[in-house]
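Participant: Predicted structure and sequence below. I'll ask about it afterward.
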Amino acid sequence: MKLARYIISIVFITTFINLNALAAPTDNDVVSIDLTADEEVTDGITFNNDGTKMFFSGTNSDKVHEYHLSTPYDMTSGSMSDQGIELSITEGKTQDIEFNLDGTKLFVIGVTNDTVYEYTLTTGFDLTTASTDTTASFSVRSDLTSPTGMIFNHDGTYLYVIGNDNNKIIQYELSTGFDITTANSTAINEFSVNSKVPNPHGLTFSPDGKKVFIAHDDIADDDGDENRTDEVHEYTLSTPWDISTMSYEGMFETDDITRAGDVDFNNTGTKMYVTDFHHDIVLEYDLTCGFSIVSCIDPTENKDKVALVEAQAEIAKNFILQTSSSVLNRIEWLRRNGKENKLTNQNIKFQFSNKMLSSLSKVIPVSSGQNVVNELLPGGFSYWSEGNISIGRVGDTSSSSTKVISTNGITFGADKKTDENNFYGLAFRASQDNVDVGTIGSSIDMDAYSLTLYASTSEDDTKFIDSILGFSNLRTDIFNKNGLHNLRGKRDGKQIFSAIKFRSTFKKDQFNLTPIGKINLGYTQLDSYTETKSEGLALKYKKQEIQTRIASIGMMFDDTIGFKNSTIKPNGKLEYSRDFSPSSDAVFSYVSEPNKNYILSVDTGAFHNLKTNIGFDLTTKNNLLITFNYERNQSSGSSYTDSLYFGGSYISNKDTEYAMALDDNKAFFDYKRNLNGFDIKVSSNYSLMSEIPDYGANIEVSSTF
């Protein structure tokens, strides 16, 4: 079979639906491919993953045919060539064909045996490597006869079959994706299309499972003059892939098709292909927006897209709270240890959300301070740091998918006492946040940086005002998985935030009881951005403003208990917070339909939160310092976070220092000693979790002349 065995014809559309209101095919030329030379009754059609191969079958032969396209999904002259590749199959009257994800399985269904047949291919989407005999089969005859179309969901765990004797769609479940031997013989769902599509043929879904398209062979209009009009019908599913939730949207009607056989789309949904088994042709249409012939898919009804929008606002707001918390933690530590000269401290903080903590009950997270020295920076400044690792999960809702959140961050700071009760400082924080959304691979990666000024003032050692002012820069990579299609976006943002904390301490001997009041304020602006990589599905997001308004009241306590060779300072806190932050409107539109905006109102936090904290600071006379805190933050509903803080340092004498730390799955040990004016430092590290052991060692010798 050669290129001359098919001809190219151009058919112009003369009547179209109003494109300002609907997402119908445009009035561009419709490309029509004549396949009569290979199949006199062309019906089923499908493509490989990148659109460089087209496969079709028909009811007049027992073969599947393979065509190659030099330009993906482009059937225009010079792009498509007949390779003379065909596969003889068991089904004599094939209605539809489908592949698994990598093309190593071909599925065929027809009206002769009412059965799905499977063939294996050693090379994906290459019919020359297909098995000559079927490797598996699955009968649908008990549920419908004369099946005319089939489709799998994105992971092959559902099989959908449609028939024109019963005029219904049947949904089967497979325990192993694309393995029809594991299909449950009892259908889990069925949906009648008889009222709108009394003679259905082709069947396909949008990649997110939110829309169903059915080709309609309208035999009732056949008056013998071949001027009949067939349609493609569109349904919407309120629950993806669940056909029991289908509702009718409308149809695209065209006089280009006499007997509609099957319908398919390119990978972005910007082109639609319909077979006509009366004229044995395939027609190609351009669409206004992806996978939409009546109306564009409403992105606010996609739970993964909603979760992506929510997560961007939530992690931006959380960065403000995490930054403020680390600075206020430093101020509290200074107040508890204000009489000491050891004002340098470093901590690593581990946070675990509700279910994670219980599962890790046998593995207590450990951290320790590192490089803690009993000295002041030039000019009387003390320095400090705090790192954090957070793991959390937000369950799905009726409108939003599950979000799994992880955060790695570290804060460095330096502060200086101006007198006995007043000090000020500067802190820098860097953080990496990752959010995994849903179950098919959508995610967000955010790098954030902040610079914070802080101060604490008091006139009488009992009443204090702590205040902070900070600025942040956000850089976010967004990965939106839509079925088999990947969309990407980059979004920047800026923040300004502040917090003020009032404390009044009541003292009795060494015991301090401190009522507190706190206000957190913040403003975030996320820049506009446009998704790329998937034309027709891409969205354009406008600038978004997010406000943070949180008021808190609570009570803190600390005590000092002296022993012969050590001092322990137990401390604790109970704090209630009310979130008054207004909702934030995310506004976006399809790139292909910029005049229609979608608005999603996002609430960025729980209204009521209760935080409890208990811990201690231990100081020994031989310069051992240990700090430990446990914190629980309970939000309204069932959401809560558990946090553990642990730090430690040891200075053996004025010339020798030791430090140990656990950070980013690596263990560190440092030894430093001053010998005759020379500073000698030995450092080593060991990778704990790497499959390949990773060791490191370093020796430094320095002196000041």
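Facilitator: That came through, no problem.
Participant: where in the stretch 401-550 of the chain is pLDDT low?
Facilitator: 483-484 (pLDDT under 70).
Participant: what about the helices in it?
Facilitator: Counting by DSSP state H, counting those that start in this stretch, the stretch 401-550 of the chain forms no helices at all.
Participant: tell me, how many neighbours does residue 485 end up with?
Facilitator: Residue 485 has 21 neighbouring residues, counting by other C-beta atoms under 10 Å. Placement of C-beta: from N, CA and C, glycine included.
Participant: what are the bridge partners for it, then?
Facilitator: In this entry, residue 485 is beta-bridged to residue 482, by DSSP bridges.
Participant: Now for it: which residues touch it?
Facilitator: 207, 267, 268, 533, 534, 537 (C-beta atoms under 8 Å, 6 or more residues apart in numbering).
Participant: Where does the third one fall, secondary structure wise?
Facilitator: Here residue 268 sits in a region with no helix or strand, counting by DSSP states H and E.
Participant: so who does the closest residue to it other than its chain neighbours touch?
Facilitator: Nearest non-adjacent residue to residue 268, counting by C-beta to C-beta, 6 or more residues apart in numbering: residue 536, 4.3 Å away. Residues counted as contacts of residue 536 (C-beta under 8 Å, 6+ apart) are 268, 269, 270, 287, 289, 290, 291, 592.
Participant: Now that we have these, which of them are buried?
Facilitator: Neighbour-count burial (16 or more other C-beta atoms under 10 Å) applied to those gives 268, 269, 270, 287, 289, 290, 291, 592.
Participant: how close does the spatially closest residue to residue 444 that is not a sequence neighbour sit to residue 393?
Facilitator: Closest residue to residue 444 apart from its sequence neighbours, by C-beta to C-beta, 6+ apart: residue 435 at 4.3 Å. Counting by C-beta to C-beta, to the nearest Å, the separation of residue 435 from residue 393 is 10 Å.
Participant: the more surrounded of the two?
Facilitator: The neighbour comparison of residue 435 against residue 393 (other C-beta under 10 Å) goes to residue 435, with 25 against 15.
Participant: I'd say the more buried one and residue 315 touch.
Facilitator: Yes: the pair residue 435 and residue 315 passes the contact test of C-beta atoms under 8 Å, sitting 6.4 Å apart.
Participant: which residues do the two both contact?
Facilitator: 405, 444.
Participant: buried residues in stretch 530-543?
Facilitator: 531, 534, 535, 536, 537, 538, 539, 540, 541.
Participant: Kindly report the same for stretch 476-487.
Facilitator: Quick answer for stretch 476-487 (16+ other C-beta under 10 Å): 476, 478, 479, 480, 481, 482, 483, 485, 486, 487.
Participant: start to end distance for that stretch?
Facilitator: Stretch 476-487 has an end-to-end distance of 14 Å (C-alpha to C-alpha, to the nearest Å).
Participant: again, but for stretch 389-399
Facilitator: Where stretch 389-399 begins and where it ends lie 29 Å apart, using C-alpha to C-alpha.
Participant: tell me which residues of that stretch are tucked away?
Facilitator: For stretch 389-399, by 16+ other C-beta under 10 Å, it's 389, 390, 391, 392, 394.
Participant: who's the third one bridged to?
Facilitator: Read it as residue 391. residue 352, residue 406.
Participant: quick one: it and residue 71, what's the gap?
Facilitator: With C-beta to C-beta as the criterion, residue 391 and residue 71 are 46 Å apart.
Participant: on contacts alone, who are the packing partners of the host helix or strand of residue 150?
Facilitator: Assigned by DSSP H and E, residue 150 belongs to strand 147-152. Counting contacts by 3 or more C-beta pairs under 8 Å, 6 or more residues apart in numbering; DSSP states H and E, strand 147-152 is packed against strand 94-99, strand 105-110, strand 158-163, strand 200-205.
Participant: So, low pLDDT: which residues of the stretch 601-705 of the chain?
Facilitator: 604-606, 622-625, 636-705.
Participant: mind running it again at 50?
Facilitator: 651-654, 660-665, 688-692 (pLDDT under 50).
Participant: before we move on, what about the stretch 151-300 of the chain?
Facilitator: 221-225.
Participant: Quick check: bridge partners of residue 507?
Facilitator: Assigned bridge partners for residue 507, using DSSP bridges, are residue 512.
Participant: pretty sure it is in contact with residue 462, am I right?
Facilitator: Yes: between residue 507 and residue 462 a contact is recorded at 6.9 Å, counting by C-beta under 8 Å.
Participant: Between the two, which is the more surrounded one?
Facilitator: A count of neighbours by other C-beta under 10 Å puts residue 462 above the other of residue 507 and residue 462, at 14 against 11.
Participant: Quick one: residues contacting the more buried one.
Facilitator: Contacts for residue 462 (C-beta under 8 Å, 6+ apart) come out as 504, 505, 506, 507.
Participant: re earlier: would you turn the helices and strands packed on strand 147-152 into JSON lines with mean neighbour count and distance to residue 600?
Facilitator: Shown next, in JSON lines, are these (neighbours: other C-beta atoms under 10 Å; distance: least, C-beta to C-beta, whole Å):
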{"stretch": "strand 94-99", "mean neighbour count": "26", "distance to residue 600": "34"}
{"stretch": "strand 105-110", "mean neighbour count": "25", "distance to residue 600": "38"}
{"stretch": "strand 158-163", "mean neighbour count": "25", "distance to residue 600": "28"}
{"stretch": "strand 200-205", "mean neighbour count": "26", "distance to residue 600": "24"}
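Participant: of all the ones you listed, which lies closest to residue 214?
Facilitator: Among these, strand 200-205 comes nearest to residue 214, with 5.0 Å by C-beta to C-beta.
Participant: just to revisit the earlier point, give me the distance between the residue nearest to residue 268 and residue 400.
Facilitator: For residue 536, the distance to residue 400 - C-beta to C-beta - is 24 Å.
Participant: Please name the nearest non-neighbouring residue to residue 106.
Facilitator: Nearest to residue 106 is residue 119, by C-beta to C-beta, 6+ apart, at 4.5 Å.
Participant: Widest-spaced pair of the contacts of residue 485?
Facilitator: 207 and 533, at 13.4 Å, using C-beta to C-beta across these.
Participant: Tell me which of the helices and strands packed on strand 147-152 approaches residue 141 most closely.
Facilitator: strand 158-163 (9.9 Å).
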